[in-house]
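# Okay, here's the prediction I keep looking at, along with the sequence it came from:
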Amino acid sequence: MSGNLFGTIASRIDDPAAPFLTLPDGTTISYQDMIALSGQYANALARLGVTKGDRVAVQTQKYKECFWLYLACLRTGAIYLPLNSAYTTAEVEYFAGDAEPVLFVCDPDRKDDLTTMLSGLGIGHVETLDADGTGSLSIRAEQMSPSFDTIELSGDDLAAILYTSGTTGRSKGAMISHDNLRSNAEALVDIWRFTSSDILLHALPIYHTHGLFVATNTVLLSGGSMLFLPKFDLDEVMKMMPRTTAMMGVPTFYIRLLTRDDFTREAADHMRIFISGSAPLSAEIHRSFTERTGKAILERYGMTETNMITSNPYDGLRKPGAVGFALPGVTVRIADPETGSVLENGEVGVIELKGPNVFKGYWRMPEKTEQEFRPDGFFITGDLGYFDDEGYVTISGRDKDLIISGGLNVYPAEVENALDEQPEISESAVIGLPHGDFGEGVTAVVVASGKGSVNETALRSRLEGQLAKFKTPRRIIELDALPRNTMGKIQKNVLRERFKDLYAE
Ligand code: MCA
Ligand code: AMP
């Protein structure tokens, strides 16, 4: 049997006329439409010369057409490479240079800028997608036949590469196979009880694991449908919720829902499930949500490299502050970060796992890949946690210098490098501080070089040209010196403590 994930999706379709995607205006795209559209896009890719193993990079706003392209990549054996739409051209240049896509798909208004950069890298094929279906790739696809023979491949073949930032230096492309995606989606359909009756309120971006794989593949393998929103807009989410049964979101979604007086028990009553992940959901928000709606959010934990790892149970206690149990087929252990020896229940260590969900390594970085695995094959997440008395995994911190803002990862080293290049700054430390909406607010503490004064507004706007907006520090604080320990290492914990109330209302 072919290991192609699309083959599995197609084989599970019981009712081809059933809806797969519904738009806010009521337009519906059925499963058979999805097969035809992905077939047209697959033929368009083939006509452009895309073949198995080729990378197709995509940086656009959230369009339904991105799904047809994603599925077309599965069908042709091409490797889908989605990029955050907030990345600047300078950031994209690194990913494109590293992954060497044969085709780059972008928004029409970015085409000129990106084409100039990409042609410097020898990447000649640039196509566009647009919300109204007028992008050049959509026009090509429209002229194609909807029939396409999905190629046979091994389940170990790559379906996608998703870049994750490195704690130091370069971003790494996580290589995700068809089997990785299939095993995870099957487990999630099972443990979260997704069926063809479900309608998922889809307000997440689709350039990351959460919105693309967790949400989309789970729906596709259960025969359910999605109500497609182009972004998380609170008014729109409230308006559409009555038409749906399930929601997946980052904690910020739930924090924002709780700010609405009309988000009541009655408003949430018909919803079967609310799922949260990508960042810590505070026990306080979890409890407030239950008090308001009578429903407990189901929190789960995952990572780009592994898809989903643990989940709170569907039946049984959804414990505030805990991320639950290993998914079926996945083994989780807690180990001493230094020695790798396995720890007892209750002891805090690094979370490690093994299973069919674990990625195939970092693109063209065999040494980095090796560093992230123990000799017995367990992947080291860099998250710190413990098993409680009842066997629930609780995340207690991170053994990696990472900030998560609104579910998006920001690696301080990248922002510090950009700050340190500014003439008026001699050194910097970037930290995450408690933030009511985003969970953590990216904050820079800098020391002036003496070459010009440090102007927060001017610095932020200069950084915005280089870094995606969500990475740009919300605040830049100037100090005479950064606190250091006796080894000379900057004490970020001291800074976090000193400025912990910076974003308090
Ligand atoms: C937008 N901005 C942000 C963020 N998003 N700043 C910091 N953190 C963010 N996450 C910027 C905007 O550019 C804007 O800048 C300003 O902040 C305020 O915008 P706002 O309207 O509040 O933002 P928004 O457009 O409503 O977006 C917030 C959001 C969004 C809805 C939380 O970021 C989002 O959808 N996040 C989900 C990310 C996600 O899918 N993560 C999953 C990763 P200005 O005002 O200057 O223009 S996958 C993963 O982590 C693993 C595998 C897992 O377990 O799932
Ligand atoms: P990413 O690199 O975008 O895949 O982000 C993965 C990281 O998000 C994990 O290593 C965790 O640090 C964090 N994460 C995901 N889900 C949760 C959760 N439920 N609670 C706490 N942290 C989470």
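Thanks, I have the structure now. These figures come from a predicted structure and were not determined experimentally. Ligands and ions are numbered 1, 2, ... in the order given.
# so who does the closest residue to residue 410 other than its chain neighbours touch?
Distance criterion CB to CB, 6 or more residues apart in numbering; nearest residue to residue 410, sequence neighbours excluded, is residue 403 at 4.4 Å. All C-beta spots, glycine's among them, are computed from the backbone N, C-alpha and C. Contacts for residue 403 were tallied using CB atoms under 8 Å, 6 or more residues apart in numbering; they are 409, 410, 411, 412, 430, 431, 432, 440, 442.
# which pair in those spans the largest distance?
409 and 431 (14.5 Å; CB to CB).
# neighbour count winner among the two?
Neighbours were counted for residue 409 and for residue 431 using other CB atoms under 10 Å; residue 431 has more, 25 against 19.
# Tell me, what's the model's pLDDT at the most centrally placed residue in the chain?
Residue closest to the mean C-alpha point of the chain, counted by CA atoms, centre = their mean, is residue 208 at 3.0 Å. We note a pLDDT of 97 for residue 208 in this prediction.
# That one: what's it in contact with?
Contacts of residue 208 (CB under 8 Å, 6+ apart): 82, 84, 162, 278, 304.
# what subset of the residues you listed is also close to ligand 1?
By CB under 6 Å from any ligand atom, the members of those lying near ligand 1 are 278, 304.
# what about residue 156, how many neighbours?
Neighbour tally, residue 156, other CB under 10 Å: 11.
# and what of residue 315?
Neighbourhood size, residue 315 [other CB under 10 Å]: 7.
# That one looks like it's in a strand, true?
No. Counting by DSSP: H, G, I helix; E, B strand; the rest coil, residue 315 is not part of a strand but coil.
# and it, how far is that from residue 327?
Applying CB to CB, to the nearest Å, the value for residue 315 to residue 327 is 16 Å.
# next one: residue 459
Taking CB to CB, one finds residue 459 at 43 Å from residue 327.
# swap in residue 377?
For residue 377 relative to residue 327 (CB to CB), the value is 17 Å.
# So between those two, which is more surrounded?
Taking neighbours as other CB under 10 Å, residue 377 and residue 327 compare with residue 327 leading, 28 against 9.
# Now that one: closest residue in space, sequence neighbours ignored.
Spatial nearest neighbour of residue 327, chain neighbours left out: residue 187 (4.5 Å); criterion: CB to CB, 6+ apart.
# Among the contacts of residue 403, which ones are in helices?
Counting by DSSP state H, the part of the contacts of residue 403 found in helices is residue 412.
# export the contacts of residue 403 to JSON lines and tack on distance to ligand 1?
JSON lines is the format used below for the contacts of residue 403 (distance: CB to the nearest ligand atom, whole Å):
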{"residue": "409", "distance to ligand 1": "7"}
{"residue": "410", "distance to ligand 1": "8"}
{"residue": "411", "distance to ligand 1": "13"}
{"residue": "412", "distance to ligand 1": "14"}
{"residue": "430", "distance to ligand 1": "13"}
{"residue": "431", "distance to ligand 1": "14"}
{"residue": "432", "distance to ligand 1": "11"}
{"residue": "440", "distance to ligand 1": "9"}
{"residue": "442", "distance to ligand 1": "7"}
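# who touches the residue in the stretch 51-200 of the chain that ligand 2 sits nearest to in this structure?
Nearest residue of the stretch 51-200 of the chain to ligand 2: residue 164, at 4.5 Å (CB to the nearest ligand atom). By CB under 8 Å, 6+ apart, the contact list for residue 164 reads 171, 172, 174, 304, 305, 409.
# out of those, which one sits closest to ligand 1?
residue 304 (4.9 Å).
# wouldn't the closest one be in contact with residue 165 here?
No. The criterion here is CB atoms under 8 Å, and residue 304 misses it with residue 165 at 10.0 Å.
# just for this protein, where's the confidence low?
Filtered on pLDDT under 70, the chain yields the residue ranges 1, 166-169, 505.
# Just give the number of residues close to residue 453.
Residue 453 - counted by other CB under 10 Å - has 9 other residues nearby.
# Now do the spatially closest residue to it that is not a sequence neighbour: how many residues are near it, please.
Excluding the flanking residues, the one nearest residue 453 by CB to CB, 6+ apart is residue 424, at 6.7 Å. Residues lying near residue 424 (other CB under 10 Å) number 17.
# these two touch, right, residue 424 and residue 447?
No. Between residue 424 and residue 447 there is no contact under CB under 8 Å: 10.2 Å.
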